[in-house]
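In: Sequence below, structure please.
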Amino acid sequence: MAVLTSPPPLLLSPPYYPTTTSSSSSPYFHLSFHATSRRRPITAVASSSHLCNPTKLDKSALKLAEAVSEDELWAAARLRIRTFNDFSPSVVGVEDYKKYLAEREFEALKERIAGKRTGFGRVTCINASLPLSHVLSISDDLCTTCTFSENGEDRVLVGTLDLNQCIHLPDEITGMKPQGIGGDFARAYLSNVCVAKELHRNGLGYMLIAKSKLVAEDWGISDLYAHVAIDNESAKNLYMKTGFVYESDEPAWKARYGHLTWEWEKGIRSYLHPMMFSCLYKVLALFHLDTPLFMLFSQLTNWFMFYCFTRTLSNSLETVLTLVGLYHWPCIRASSSEVHSVSRKWGLLLAALACAIRPTSAITWAYVGILELLVTRDRLNFIFLEVAPIGFLVITLTCLLDRLMYGSWVLVPLNFLKFNFLSSGGDYYGTHKWHWYFSQGFPVMLFTFLPFSIAGIITSKQWKLSGLIAWVLGLYSVLGHKEFRFVLPVLPIALMFSGYSLATIGKPDSSYGRTKDSIRIKTKCPSKKLLTVLFLLATNLPMAFYMSLVHQKEPETLHGYVGHNFFRAIFWMILTCIPANCAGQRGAEDVMNYLSKEALNGKVESIVFLTPCHALPYYSTLHHNLPMQFLDCSPSEEKGVLDESDRFMMDPVGFAAEFAKNWSLPSHIVLFDSQEKLLKDFLTSHSFQEERRFFHAHFKVDRDLQASVVIYSFKRPVTLSP
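Out: Residues are numbered from 1 along each chain as shown. Got it, this is the predicted structure:
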């Protein structure tokens with residue numbers, strides 16, 4: 001029989017969410033009591049037994065039951081410390097240390113069962129015990145350590161586990177859990193499972209788990225989960241025998257914070273993009289460069305982060321790869337005869353990576369590919385010796401990566417195509433008129449650079465690049481759901497044309513140089529070029545600083561002239577982006593930064609966000625493993641079904657009242673002032689008081705005006721003794 005244990009450091013503080021310390025993936029085991037129930041993984045780490053000759057046990061006097069006395073809980077705590085730790089008898093004070101650890105576990109266990117631990121809805125300790133007389137001949141130490149009295153009879157506790165019904169806990173590896181607030185109350189997980197090492201391979205672990213399943217059914221639990229270390233074959237076999245079904249391998253970095261958005265469940269996101277950031281930050285951590293100061297330095301000196309408006313969107317990386325790929329592409333260059341075939345292969349590789357990270361990039365590269373086929377003389381060589389091998393290589397590598405991380409074969413581009421094009425899944429988040437990119441979206445992005453971009457297109461006569469802009473805007477206009485970021489890859493191209501236009505302002509038509517009259521005129525009044533530059537600065541800098549310092553959005557910066565020299569272009573992009581990036585961010589960022597500082601001081605235990613989907617950055621700014629709940633906006637497969645976010649926005653009071661029936665009381669609630677006005681009485685009645693208020697925006701964007709973000713904290717009622 002396998003011994004199911006969890007690592008000692010996590011057992012005790014706190015003892016209810018053990019996780020594996022291995023960098024590799026870990027499999028999930030899932031037991032569903034109803035065929036239609038949704039899956040929700042939880043954690044319980046297991047390690048195998050080292051005993052080869054088990055002691056045979058008389059099971060006729062064995063008792064399996066929930067703990068009913070503190071004496072029994074104390075015995076359970078002692079058994080866990082005894083099982084989960086290896087102590088050297090020669091160490092001075094080892095018995096005192098054992099007692100100290102047991103007392104900590106005992107107090108924590110009592111708090112969880114009594115409902116005093118934030119985040120726990122219901123917890124029970126299930127134990128296996130034998131009469132003292134049955135164990136005396138097996139182990140004196142076990143009898144001395146784990147004996148308790150029940151109805152006047154001395155019994156020895158020989159096995160124990162915890163059955164937990166609770167919200168998402170810190171460090172809990174959650175896997176493919178159901179999204180949304182309500183999902184936490186239909187699942188439970190096993191933790192702290194252990195059997196006395198003298199009695200391994202007697203079926204005690206099997207019987208404890210079977211008992212926990214019966215208790216879970218009585219609670220109305222639909223899904224029971226366990227998490228097992230990847231190399232623990234005996235524990236995996238035990239769970240399989242007790243009816244658990246293998247669910248998935250957990251991504252190594254997902255194990256840190258747990259939550260993945262609905263796009264990953266649909267398989268329309270590739271792991272290639274986050275893998276790049278994961279590797280980068282891993283290197284920074286390895287060399288201890290992941291402190292705020294060095295991260296700020298890296299942000300300010302990295303042209304990619306500046307160029308992408310400091311946002312780690314897949315569209316940003318797509319834009320970078322697209323621009324560098326176009327730089328290497330022969331038919332796009334002014335003089336393609338100077339470009340070696342190696343350059344085209346580099347362009348192909350970058351194009352393939354862009355499509356792997358964001359499949360819609362194929363819209364851009366389809367245009368470039370058609371142009372190449374029209375002008376190149378070696379079409380067969382281009383298709384079969386360049387496109388096919390490079391495309392196959394990138395697709396194979398990304399498919400293998402996604403196979404490793406998803407746990408099954410997932411073809412992300414195909415899923416992306418089905419969701420966004422064939423089923424119009426993006427329309428769930430809103431639609432615009434077909435002309436939106438031409439009449440509103442792209443003009444707003446260019447702002448006052450628009451007339452100069454148009455002038456640059458006309459005067460430069462670079463019809464291939466201008467045709468690419470029209471091609472991308474035209475094809476994206478076919479889709480119902482439209483966003484500014486979708487056409488981000490062609491924005492720098494349009495700004496390049498405006499730069500060309502600015503460079504030609506004020507130049508004489510004659511090639512013989514300037515005359516004395518032109519020099520005299522220049523000394524009397526500012527040149528047209530200077531006036532134009534001042535106009536662009538006067539109209540764009542206020543927007544850049546407002547969006548950076550005041551409004552809810554993250555920094556968005558318009559870039560000026562991009563010259564013919566690639567590295568000079570990078571230099572100018574850095575200079576134009578520094579003001580906006582040094583300015584900082586407000587609104588949602590301020591709230592999370594405040595909560596992060598409060599969490600560092602131990603003042604935040606759990607948070608409920610009653611805000612629209614993706615309105616706050618959550619863990620990416622919080623940087624603490626705290627229990628967190630937020631509204632779900634995953635698109636339903638059934639048309640007309642509202643998600644949690646929509647239901648809350650339609651009826652905040654009714655939604656909150658229904659939610660409060662089953663909640664584990666959080667320490668903090670975050671919401672916008674537009675909903676706070678409706679929920680103020682509800683919050684006050686549940687002992688919540690306003691703690692901080694942060695400015696968010698002066699005007700509404702796509703929802704009702706959300707002028708400020710408000711934090712409410714739970715204040716325990718004070719009971720005065722007579």
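In: What ranges does this structure have for its strands?
Out: Taking DSSP state E to define them, one finds strands in the chain at 27-32, 63-66, 120-131, 147-150, 153-166, 187-195, 223-227, 245-249, 607-610, 628-630, 668-672, 688-695, 708-714.
In: I'd like to check the angle between the last one and strand 668-672, please.
Out: Spelled out, it's strand 708-714. 160 degrees (axes from the mean of the first three to the mean of the last three C-alpha atoms, to 10 degrees).
In: Strand partners (parallel or antiparallel) of strand 708-714?
Out: Its sheet considered, strand 708-714 pairs with strand 668-672 (antiparallel), strand 688-695 (antiparallel) by DSSP bridges.
In: returning to what we had before: dump the strands of the chain into CSV; add distance to residue 644 as well.
Out: (Each C-beta comes from the backbone N, C-alpha and C, glycine too.) CSV is the format used below for the strands of the chain (distance: least, C-beta to C-beta, whole Å):
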stretch, distance to residue 644
strand 27-32, 22
strand 63-66, 34
strand 120-131, 19
strand 147-150, 45
strand 153-166, 19
strand 187-195, 17
strand 223-227, 19
strand 245-249, 24
strand 607-610, 10
strand 628-630, 9
strand 668-672, 14
strand 688-695, 20
strand 708-714, 19
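In: Out of those strands, which gets nearest to residue 619?
Out: Nearest to residue 619, of all the strands of the chain, is strand 628-630, at 7.4 Å by C-beta to C-beta.
In: And stretch 128-147, what's buried?
Out: Within stretch 128-147, the residues that count as buried by 16 or more other C-beta atoms under 10 Å are 128-131, 134-135, 138-139, 142-143, 145-147.
In: For the closest residue to residue 65 other than its chain neighbours, give me the pLDDT.
Out: Among residues not flanking residue 65 along the chain, residue 127 sits closest, at 6.7 Å (C-beta to C-beta, 6 or more residues apart in numbering). In the prediction, the pLDDT value recorded for residue 127 is 96.
In: ok, now residue 450?
Out: pLDDT recorded at residue 450 is 86.
In: got the contact list for it?
Out: For residue 450, the contact set (C-beta atoms under 8 Å, 6 or more residues apart in numbering) comprises residue 443.
In: State the distance from it to residue 497.
Out: From residue 450 across to residue 497, the span is 10 Å (C-beta to C-beta, to the nearest Å).
In: Residue 149 too?
Out: Going from residue 149 to residue 497 by C-beta to C-beta gives 86 Å.
In: neighbours around residue 85, how many?
Out: A count of nearby residues for residue 85, using other C-beta atoms under 10 Å, gives 15.
In: wait, it sits on residue 102?
Out: No - with contact defined as C-beta atoms under 8 Å, residue 85 and residue 102 do not form a contacting pair (10.3 Å).
In: how many neighbours does residue 153 have?
Out: Taking other C-beta under 10 Å as the criterion, the count of residues near residue 153 is 11.
In: Tell me the bridge partners for it.
Out: Once the bridges are assigned, which here means DSSP bridges, residue 153 pairs with residue 150.
In: Let's have the buried residues of stretch 128-147 in a markdown table, adding distance to residue 226.
Out: Formatted as a markdown table, the buried residues of stretch 128-147 follow (distance: C-beta to C-beta, whole Å):
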| residue | distance to residue 226 |
| --- | --- |
| 128 | 18 |
| 129 | 23 |
| 130 | 25 |
| 131 | 30 |
| 134 | 29 |
| 135 | 27 |
| 138 | 28 |
| 139 | 27 |
| 142 | 25 |
| 143 | 30 |
| 145 | 26 |
| 146 | 24 |
| 147 | 29 |
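In: So which of the residues you listed is the closest to residue 319?
Out: Nearest to residue 319, judged by C-beta to C-beta, of the buried residues of stretch 128-147 is residue 128 at 60.3 Å.
In: how about that closest one, what does it touch?
Out: Residues counted as contacts of residue 128 (C-beta under 8 Å, 6+ apart) are 62-64, 157-160, 195, 204, 207-208.
In: rerun at 7 Å
Out: Contact partners of residue 128, counting by C-beta atoms under 7 Å, 6 or more residues apart in numbering, are 62, 64, 158-159, 204, 207-208.
In: Dump the residues you listed to a markdown table, plus distance to residue 474.
Out: Supplementary listing: the contacts of residue 128 in a markdown table, determined by distance: C-beta to C-beta, whole Å:
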| residue | distance to residue 474 |
| --- | --- |
| 62 | 74 |
| 64 | 69 |
| 158 | 73 |
| 159 | 68 |
| 204 | 68 |
| 207 | 67 |
| 208 | 64 |
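In: Tell me the one of those residues nearest residue 122?
Out: Top of the list for closeness to residue 122, among the contacts of residue 128 and by C-beta to C-beta, is residue 208 at 18.0 Å.
In: Cross-check the contact I'm expecting between that closest one and residue 161.
Out: Yes - with contacts defined as C-beta atoms under 7 Å, residue 208 counts as touching residue 161 at a distance of 5.2 Å.
In: Need the residues touching each of the two.
Out: In contact with both residue 208 and residue 161: 126, 193, using C-beta under 7 Å, 6+ apart.
In: between the strands of the chain, which one is nearest to residue 653?
Out: For residue 653, the closest of these is strand 607-610, at 11.2 Å, according to C-beta to C-beta.
In: quick one: the nearest residue to residue 242 once chain neighbours are set aside from residue 656, how far?
Out: Residue nearest to residue 242 in three dimensions, not counting chain neighbours: residue 209, with 4.5 Å by C-beta to C-beta, 6+ apart. When C-beta to C-beta is applied, the distance between residue 209 and residue 656 equals 37 Å.
In: Of these two, which one has the most company?
Out: Set residue 209 next to residue 656 and count neighbours by other C-beta under 10 Å: residue 209 wins out with 24 against 21.
In: just to revisit the earlier point, the more surrounded of residue 149 and residue 497?
Out: More neighbours surround residue 497 than the other of residue 149 and residue 497, with 26 against 13 (other C-beta under 10 Å).
In: ok, for that one, nearest residue in space, not its chain neighbours?
Out: Distances taken as C-beta to C-beta, 6+ apart place residue 456 nearest to residue 497, at 3.3 Å, with adjacent residues excluded.
In: Now for that neighbour: which residues touch it?
Out: 497-498, 500-501.
In: Mind putting those residues into CSV with pLDDT and distance to residue 612?
Out: Supplementary listing: the contacts of residue 456 in CSV, determined by pLDDT from 0 to 100; distance: C-beta to C-beta, whole Å:
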residue, pLDDT, distance to residue 612
497, 83, 37
498, 82, 35
500, 79, 41
501, 80, 40
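In: Any of those buried? List them.
Out: When these are checked against 16+ other C-beta under 10 Å, the ones flagged as buried are 497-498, 500-501.
In: got the CA positions of stretch 190-200 in PDB?
Out: Below are the C-alpha coordinates for stretch 190-200, written out as PDB (Å, rounded to 0.1, in the frame of the first residue of the first chain):
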ATOM      1  CA  LEU A 190      -8.100  15.400  -0.700                       C
ATOM      2  CA  SER A 191      -5.000  16.500   1.200                       C
ATOM      3  CA  ASN A 192      -2.700  15.300   4.000                       C
ATOM      4  CA  VAL A 193      -3.400  11.600   3.200                       C
ATOM      5  CA  CYS A 194      -1.100   9.300   5.200                       C
ATOM      6  CA  VAL A 195      -1.000   5.800   6.700                       C
ATOM      7  CA  ALA A 196       1.300   4.700   9.500                       C
ATOM      8  CA  LYS A 197       4.400   3.400   7.800                       C
ATOM      9  CA  GLU A 198       4.300   0.100   9.800                       C
ATOM     10  CA  LEU A 199       0.900  -0.700   8.200                       C
ATOM     11  CA  HIS A 200       1.500   0.000   4.600                       C
END
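In: how does this protein divide up, domain by domain?
Out: Segmentation of the chain into domains, based on automatic domain parsing, reads 8-48+59-260, 272-504, 588-714.
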